[in-house]
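Asker: curious how this folds, go ahead:
(one chain, ligands or ions: 1)
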Amino acid sequence: MPGSLEVVQIPVGQMQNFAYLVYCPATKTAAVVDPSFGPDAVLAQAEALDVKIRILLNTHGHNDHAAGNRVILEKTGVPLAVHPLDNPEADMALRDGLQVPVGKGTLQVLHTPGHTPGSVCLFTGEALITGDTLFVTRVGRADLPGSDPEALYHSLTRLAALPGDTQVFPGHHYGPTPTSTIAFERANNPFLRCPDLQSFIRLRMG
Ligand SMILES: [Fe+2]
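Answerer: Predicted structure coming up:
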């Protein structure tokens with residue numbers, strides 16, 4: 001598989017967050033996604049794997065995901081990449097379709113608004129980091145400031161159309177397992193099984 005990237009899931013903090021280290025084994029280069037409350041654990045993991053962090057990305061702007069940004073930025077000096085609707089001050093804008101290189105692999109940006117206006121998912125071609133858009137058997141809240149349940153429905157419809165064997169790596173450990181697949185979510189996630197927008201909004205907002 002050309003350009004395969006490995007995804008390391010790191011449980012951190014009191015809100016069952018997951019931080020992620022994504023790395024290219026061939027070049028030993030890495031990206032940090034959502035350091036959350038565990039930037040030191042992420043840095044320790046990078047050191048243990050002997051990989052060099054080149055970029056920091058956030059799936060969205062909420063503090064429980066971005067809380068560790070400052071420590072990562074201070075210790076590595078790498079650029080911060082976020083969708084401009086969630087963080088207009090970031091060094092790089094994670095717009096839909098952007099391919100962020102990580103060694104020989106890429107993280108493809110899917111703009112998936114709904115939980116927040118600037119929520120994104122990051123796709124390696126095999127694995128999907130879903131932030132607070134899609135969890136194992138659940139989905140993100142759509143009742144927060146900036147949330148849009150209709151946009152979330154369309155974003156989830158887009159994710160459900162990815163290949164069934166795509167691995168799902170969520171932003172929180174809210175389900176029965178820490179990871180799943182798109183096929184599993186299509187079959188078992190009640191929010192993905194809604195037949196139309198109205199039933200989705202009833203289930204999500206009810
Ligand atoms: Fe969030």
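Asker: get me the contact residues on this protein for the ion.
Answerer: 62, 132 (C-beta under 5 Å from the ion). Using the backbone N, CA and C atoms, a C-beta is placed for each residue, glycine as well.
Asker: ok, the nearest residue to Val71 once chain neighbours are set aside - contacts?
Answerer: Computed as C-beta to C-beta, 6 or more residues apart in numbering, the closest residue to Val71 that is not its neighbour in sequence is Pro39, at 3.8 Å. Pro39 sits next to 19, 68-69, 71-72, 75 when contact means C-beta atoms under 8 Å, 6 or more residues apart in numbering.
Asker: how about a cut-off of 7 Å?
Answerer: Going by C-beta atoms under 7 Å, 6 or more residues apart in numbering, Pro39 touches 68, 71-72.
Asker: before we move on, what about Gln9?
Answerer: 18, 20, 169, 178-179.
Asker: run the last query once more with 6 Å
Answerer: By C-beta atoms under 6 Å, 6 or more residues apart in numbering, Gln9 lies in contact with 18, 169.
Asker: got a pLDDT number for it?
Answerer: You'll see Gln9 listed with a pLDDT of 98.
Asker: what's around Gly125, how many residues?
Answerer: By the criterion of other C-beta atoms under 10 Å, Gly125 has 16 neighbours.
Asker: and Pro88, by the same measure?
Answerer: The burial count for Pro88: 11, using other C-beta under 10 Å.
Asker: and it, what element?
Answerer: Using DSSP states H and E, Pro88 sits in no helix or strand.
Asker: which residue sits closest to Ala183 in space, ignoring its chain neighbours?
Answerer: Spatial nearest neighbour of Ala183, excluding adjacent residues (C-beta to C-beta, 6+ apart): Gly164 at 3.3 Å.
Asker: gap between the one you found and Glu6?
Answerer: 21 Å (C-beta to C-beta, to the nearest Å).
Asker: kindly report the same for Arg204.
Answerer: 33 Å.
Asker: repeat for Pro101
Answerer: Using C-beta to C-beta, we find Pro101 at a distance of 15 Å from Glu6.
Asker: all good on my end, thank you.
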